[in-house]
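> Show me how the following folds:
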Amino acid sequence: AGIVPTQIAALANLGSTSGGLEQISRMLDSATSNSSLLTNLGSLFGGGAQTQDAVRTGQGMIESLFGNKLGSVADLIASSAGLRAASVTSLMALIAPLILAVLGRQRAAAGGGLAGLASLLGDQKSLLSGLLPAGLASMLGWPTLASGVSQVASGAAAGAAVVASRRPAWLIPLAAIAAL
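Here you go, the predicted model:
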């Protein structure tokens, strides 16, 4: 339904801002303090006290991630998934602590520092952009796929110009024919 990619995308987006990595690191520290979360998933989804605790914790996390855009994000995911916005918000709150627990494990595996966290989150942006519901990338401040393609094309054209200036003129058409 786009809930997990949206939350990871929001974390990656926050991680690219001033002070964002420190904020995420604090979130991860609080999420990893509940080490049983990933080892006892059945009780998390059982609807009891652990579920309610996770939803309360997750609600604070998603409010921190999305701020005043949370309602709009939930509406957009709900409309793309055919769900009610309130259900999406509840699912987002329930899943947020799980996402942070997994990310916390990955951060630890990468050495635990902010540089490793920045790299981990940065690597996710390109993977997630195609998984977000339509319109959500612009809401989160991400470039569109078309602008990414145009940046790649501009880079390729610049690279070709550099190669052309260093090689004899006949080499480029020969390389193009060889590529066929």
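> For the one helix or strand D29 maps to, output the C-alpha coordinates as CSV.
Here D29, judged by DSSP states H and E, is contained in helix 20-32. Backbone C-alpha positions of helix 20-32 (Å, rounded to 0.1, in the frame of the first residue of the first chain) are rendered in CSV as follows:
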residue,chain,number,x,y,z
GLY,A,20,18.0,15.3,10.6
LEU,A,21,20.4,12.5,11.1
GLU,A,22,20.7,13.3,14.8
GLN,A,23,16.9,13.3,15.1
ILE,A,24,16.7,9.9,13.3
SER,A,25,19.5,8.6,15.5
ARG,A,26,17.6,9.5,18.6
MET,A,27,14.5,7.8,17.1
LEU,A,28,16.5,4.7,16.5
ASP,A,29,18.0,4.7,19.9
SER,A,30,14.5,4.8,21.4
ALA,A,31,13.3,2.1,19.1
THR,A,32,16.2,-0.3,19.8
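> Pretty sure S72 sits against M139.
Yes: if you go by CB atoms under 8 Å, S72 and M139 touch, sitting 6.4 Å apart. C-beta here means a position set from N, CA and C on the backbone, and glycine is covered the same way.
> So which residues make contact with the helix or strand just after the helix holding D29?
Using DSSP H and E, the next helix or strand after helix 20-32 towards the C-terminus is helix 41-44. When contacts are defined by CB atoms under 8 Å, 6 or more residues apart in numbering, helix 41-44 is touched by residues 37, 50-51, 54, 94, 98.
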